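[1] Test case, fold it:
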Amino acid sequence: MPAVKSIRVIGHRAISAVWRIGMATRFFFLILLYSGNSFRRFHLTVKELFSTGVMSLLIIVVAGLFVGMVLGLQGYETLKRYGSEAALGSMVALSLVRELGPVLAALLFASRAGSAMTAEIGLMKATEQIAAMEMMAVNPVARIVAPRFWAGVISMPLLAALFSAIGVFGGYFVGVVQIGVDEGSFWSQMQSAVDFREDILNGVIKSFVFGMAVTVIALFEGYDAPPTAEGVSGATTRTVVESSLAILMLDFILTAMMFGGK
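    As a prediction, this is how the structure comes out:
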């Protein structure tokens, strides 16, 4: 019967989703369990910091600059209606530090570094490098997964902070240099409006959580990918989609916790 078949398909997908969530949670705790190797042999983590963080700098800097310029242009046109052009600096800074900096940097990080992690580990599995490590009594989670995890967790807040800083200068360039907003008002309004604990620290916490979520998803999808070209391709696609959805969901939860009661 069509109804029974539909229920069976829904049930199968629900069970598969719960199973994958459970496996990902177990995988996360295994990473934490074997993280000592990442700190004892920190050069492994430094090497991954270069590939995940440094190699993502270009897209972060360019995107941050143009996002800040757009914020400066659109913010000026909006504030001009109310005669509040002097508040452009505070609007640009708060928008970037609280929300756009962590979220957009995390989305770019997932697209660039997260997909690269998944593809790299998926190819290692497809070429039986992970199986070879296990045959030689080398724990692949400790050797190749944990260093990448901590590299992603460390680099994500730094990239988000750089995104916000470059975005502020982009807003300054458009608002002050191009349009002619008073420079003193731009910086003084920004300094008086941005609070370290309420704004900057909360943005850092957001980016730290996003970095953990994106990195765990990327590593799990790569480690769990079928050892075929199609399997690695599908895992890479799932990494970008699932990471993007996780970032937006976590952003709402964290924003509600940080600012919802005010």
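[2] Where does the prediction get shaky in this structure?
    1, 260-262 (pLDDT under 70).
[3] 90 - rerun?
    1-56, 74-91, 98-99, 122-146, 175-203, 222-233, 255-262 (pLDDT under 90).
[4] Nearest to the middle of it, which residue? Look it up for me.
    By CA atoms, centre = their mean, the chain has its centre lying nearest to A106, at 2.4 Å.
[5] Tell me who's in contact with it.
    For A106, the contact set (CB atoms under 8 Å, 6 or more residues apart in numbering) comprises M156, A160, S207, F210, G211, V214, S243, I247. All C-beta atoms are positioned from the backbone trio N, CA, C, and that covers glycine.
[6] Can you read off the backbone torsions of the fourth one?
    In this case it means F210. phi -60, psi -40 (degrees, to the nearest 10).
[7] My read is that it contacts E99, right?
    No: counting by CB atoms under 8 Å, F210 does not reach E99; the two are 12.0 Å apart.
[8] shared neighbours of those two, which are they?
    Common neighbours of F210 and E99 (CB under 8 Å, 6+ apart) are D251.
[9] quick one, which of the two is more surrounded?
    F210 (28 against 17; other CB atoms under 10 Å).
[10] on contacts alone, who are the packing partners of the helix or strand harbouring G72?
    Element membership for G72, per DSSP states H and E: helix 57-80. Helix 57-80 sits against helix 88-94, helix 101-109, helix 146-172, with contacts defined as 3 or more CB pairs under 8 Å, 6 or more residues apart in numbering; DSSP states H and E.
[11] now it and helix 101-109, what's the angle there?
    Helix 57-80 runs at 140 degrees relative to helix 101-109, counting by axes from the mean of the first three to the mean of the last three CA atoms, to 10 degrees.
[12] Of all the residues in helix 57-80, which ones are buried?
    59-61, 63-65, 67-69, 71-73, 75-76, 79 (16 or more other CB atoms under 10 Å).
[13] on that earlier part again, I'd like the contacts of A106 as CSV, with distance to M135 appended.
    Converted to CSV, the contacts of A106 look like this (distance: CB to CB, whole Å):
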residue, distance to M135
M156, 34
A160, 40
S207, 39
F210, 36
G211, 32
V214, 31
S243, 32
I247, 37
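[14] which one of the residues you listed sits closest to A142?
    G211 (20.0 Å; CB to CB).
[15] Pull the contacting residues for the residue nearest to the closest one when sequence neighbours are not counted.
    Spatial nearest neighbour of G211, chain neighbours left out: M156 (2.8 Å); criterion: CB to CB, 6 or more residues apart in numbering. Taking CB under 8 Å, 6+ apart, we find M156 in contact with A105, A106, F109, S207, F208, F210, G211, V214, T215.
[16] and what of V92?
    For V92, the contacting residues are G68, L71, G72, G75, G167, V168, G171, Y172, G175, M190, by CB under 8 Å, 6+ apart.
[17] Quick check: the fifth one touching G68?
    Yes: contact between G167 and G68 holds when scored by CB under 8 Å: they sit 3.2 Å apart.
[18] Give the intersection of the neighbour lists for those two.
    Common neighbours of G167 and G68 (CB under 8 Å, 6+ apart) are V92, L96.
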